[in-house]
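Novice: Let's see this in three dimensions:
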Amino acid sequence: MNRAITPSFFDYGLRNLSNSMASAVVSPHSSLGTPLTQSRAEIVQICASSIQATRKDGTAPRVLLFDDYVVKFGQGDRFNEADTQAFVYAAFKNSPNAPRIPKVYDCFSWNHWQYFVMEHVHLPTVQHWLMDAVSDADHRSRFEMACQLIANALRSLFTLSAPPGAEVGLIKGAYAQTLRPDICARSGCAIHPFFGSYDAPFRYTDAAALERHINRAITYRAKRLPRMEVSMSDEPLVMVQSEIGPDKFLIDPETRQLTMIDFGCVSALPHSFVSYTLHVSGTSIQATRKDGTAPRVLLFDDYVVKFGQGDRFNEADTQAFVYAAFKNSPNAPRIPKVYDCFSWNHWQYFVMEHVHLPTVQHWLMDAVSDADHRSRFEMACQLIANALRSLFTLSAPPGAEVGLIKGAYAQTLRPDICARSGCAIHPFFGSYDAPFRYTDAAALERHINRAITYRAKRLPRMEVSMSDEPLVMVQSEIGPDKFLIDPETRQLTMIDFGCVSALPHSFVSYTLHVSGTSMSDEPLVMVQSEIGPDKFLIDPETRQLTMIDFGCVSALPHSFVSYTLHVSGTRAMAAAARIYMLSCDKCFCLDKDGYPQKTASRPSQPLCTQS
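Specialist: Sure thing, here's the model as predicted:
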């Protein structure tokens, strides 16, 4: 399973970094037989490649930015979102004190996908505006102003009554009415953290219907608790934004006027939900305790604090190791310097250098034209490939285990905590976290092969072999949000070392293999999809081959050439991963060395020996 790192290999990895595919041929009719207008057909054509990428990668962006408009597409409630945004736009367009709302241009469906076209407002988000502060004092000033501006914008929204006859949920207007009646009836359910998974189970007729449902749930769940109930049947329905954050607003740096975006999280709800929304917002650690998705990074003028209850110590050690290895290498990416890492009250705090640069993702979004975006995208792919080449050729320190690096910071943890922290992060392990911190590649090999034996009793015998492979540094999540870029020098800075682990070299090719592939603008060539000694005849005298079985030969984009050759080396590992994921929560009574477990007593020592 060893694979030498060659230019052609990284050319394949470069193509895997792209999240787009060849444009599909657009039919002139929608899935319901309704003809597409020329403008709609052009939008479908443009979005086709991104839809293909989205089907492969759930994290692929579903928003495309153009000079004059934005296309937001997906298989969810785009129609109801368009109606909601159009309603608020109409209510606010003549109000000088209300926030600006992007104008809705169109919303339609084709081939089970919904396309929402709106005005493109060329302004930064409040989040980016805060990050551009030139000093700590400037950041505090901007932060205070942003809080006041957002509060004013929310005041305008929260006092806006829903249209007459509106149900609890997103607005059902002209666009939603074009949906099939049964789909229209169940779409546009309210979005709010009150409903657990944010989506309400029904589109309630009115506040009284929601009140009855909540009180029935209280009665069912709280039989041994004191009697309680909610009362909201007499409350008016108002427009409530369920997710309040600096990424939901754009700001004009000159006039300080806000523009509200993302109306997929704006619903008509009883007025009580206004105070509830503000109550659950919280800040920093308190917000993080309530909401696992709350940001755990605070930016200051000279440093960044990343905090949480996970492996901050091992992440700091990993970043410090890569920083030391790359700091004198002119061709390697820049690494933020580690300043400190400590724990207090069960929380770990990782302090590092603040590099004042945009992410590659933001740099791509700032393109001024389609041609500029393509040029930046191609350059970003090449730069990221070069950065990954530097990382993937970096050997782990002597004696390192499989996982994040265990250095000076992790050694301050209580011994039993230190022993089980810093497990490897990689999509191979199903939920990304390896169940153990394996001693070496051989231990991981034994565990994987035991999992294969456990899951595949009726399948052909197979196993992975990686015990002789060196441990190298592998970044398990490759994306434009994992790198910063200097727009002038084009130098990259790697960030987020919580997803960088010491792993056997096979994981390099497997990481690139699962990233997806790009094949736009590639020529079609003849590709044999199954390569094996049974697919060829040989003349023993002349050594000339005769190809047979052309049922596995197809005209495919050129990417499939390298993919076909590449997958032959990773097929066993990919198959093992699929089996392993089915049982990744099982330990098979094995320890970190891949041998039968031995019970150990838990020491009674403090969490951390130093602070």
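Novice: Just the element for Leu391, please.
Specialist: Per DSSP states H and E, Leu391 falls inside helix 370-392.
Novice: Just after that helix, pick out the following helix or strand.
Specialist: Moving toward the C-terminus from helix 370-392, the next helix or strand (DSSP H and E) is helix 415-420.
Novice: Pull out the buried residues from that next one.
Specialist: 418-419 (16 or more other CB atoms under 10 Å). The way it works is simple: take the backbone N, C-alpha and C, and place the C-beta from them, glycine included.
Novice: Distance from the chain centre to it, please.
Specialist: Here the centre of helix 415-420 is set off from its chain's centre by 29 Å, with CA atoms, centre = their mean, to the nearest Å.
Novice: Run through the stretch 451-600 of the chain and note the low-pLDDT ranges.
Specialist: Across the stretch 451-600 of the chain, the ranges flagged by pLDDT under 70 are 454-462, 510-532, 551-600.
Novice: got it, and the stretch 301-450 of the chain?
Specialist: Checking the stretch 301-450 of the chain against pLDDT under 70 turns up 430-432.
Novice: switch to 80 and redo it
Specialist: Along the stretch 301-450 of the chain, the model assigns pLDDT under 80 to residues 301, 308-310, 344-347, 427-432.
Novice: cool, and the stretch 51-200 of the chain?
Specialist: Of all residues in the stretch 51-200 of the chain, those with pLDDT under 80 make up the ranges 51-61, 75-76, 193, 195-198.
Novice: Ala268 - nearest residue in space that isn't next to it in sequence?
Specialist: Nearest non-adjacent residue to Ala268, counting by CB to CB, 6 or more residues apart in numbering: Ala162, 3.7 Å away.
Novice: cool, and Leu364?
Specialist: Closest residue to Leu364 apart from its sequence neighbours, by CB to CB, 6+ apart: Arg376 at 5.5 Å.
Novice: Secondary structure element holding the nearest residue to Ile101 once chain neighbours are set aside?
Specialist: Excluding the flanking residues, the one nearest Ile101 by CB to CB, 6+ apart is Tyr89, at 4.1 Å. Using DSSP H and E, the element containing Tyr89 is helix 78-92.
Novice: What are the buried residues along that helix?
Specialist: Residues of helix 78-92 classed as buried by neighbour count (16+ other CB under 10 Å): 78-89, 91-92.
Novice: any residues touching it, and which ones?
Specialist: Here helix 78-92 makes contact (CB atoms under 8 Å, 6 or more residues apart in numbering) with 72, 98-104, 107, 109, 114-116, 118, 156-157, 160, 163, 169-176, 178-179, 187-188, 239, 260, 263-264, 266-267.
Novice: Filter those residues down to the buried ones, PyMOL style.
Specialist: Buried members of the contacts of helix 78-92, identified by 16+ other CB under 10 Å, are gathered into one PyMOL selection as follows:
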select buried, resi 72+98+99+100+101+102+104+107+109+114+115+116+118+156+157+160+163+169+170+171+172+173+175+176+179+187+188+239+260+263+264+266+267
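Novice: List the ones among the contacts of helix 78-92 that fall in strands.
Specialist: Those of those mapping onto strands are 72, 104, 107, 109, 114-116, 118, 239, 260, 266-267, per DSSP state E.
Novice: Need the buried residues of helix 78-92 in JSON lines (columns: distance to Arg62).
Specialist: Shown next, in JSON lines, are those (distance: CB to CB, whole Å):
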{"residue": "Arg78", "distance to Arg62": "9"}
{"residue": "Phe79", "distance to Arg62": "15"}
{"residue": "Asn80", "distance to Arg62": "16"}
{"residue": "Glu81", "distance to Arg62": "12"}
{"residue": "Ala82", "distance to Arg62": "14"}
{"residue": "Asp83", "distance to Arg62": "19"}
{"residue": "Thr84", "distance to Arg62": "17"}
{"residue": "Gln85", "distance to Arg62": "16"}
{"residue": "Ala86", "distance to Arg62": "20"}
{"residue": "Phe87", "distance to Arg62": "22"}
{"residue": "Val88", "distance to Arg62": "21"}
{"residue": "Tyr89", "distance to Arg62": "21"}
{"residue": "Ala91", "distance to Arg62": "27"}
{"residue": "Phe92", "distance to Arg62": "25"}
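Novice: between these, which is closest to Asp534?
Specialist: Arg78 (49.6 Å; CB to CB).
Novice: how close does the closest one get to Tyr198?
Specialist: Shown here: Arg78 relative to Tyr198, a distance of 17 Å by CB to CB, to the nearest Å.
Novice: wouldn't the residue nearest to Ala268 be in contact with Val240 here?
Specialist: No: in this structure, Ala162 is not within contact of Val240 by CB atoms under 8 Å, at 9.7 Å.
Novice: Appreciated, that's everything.
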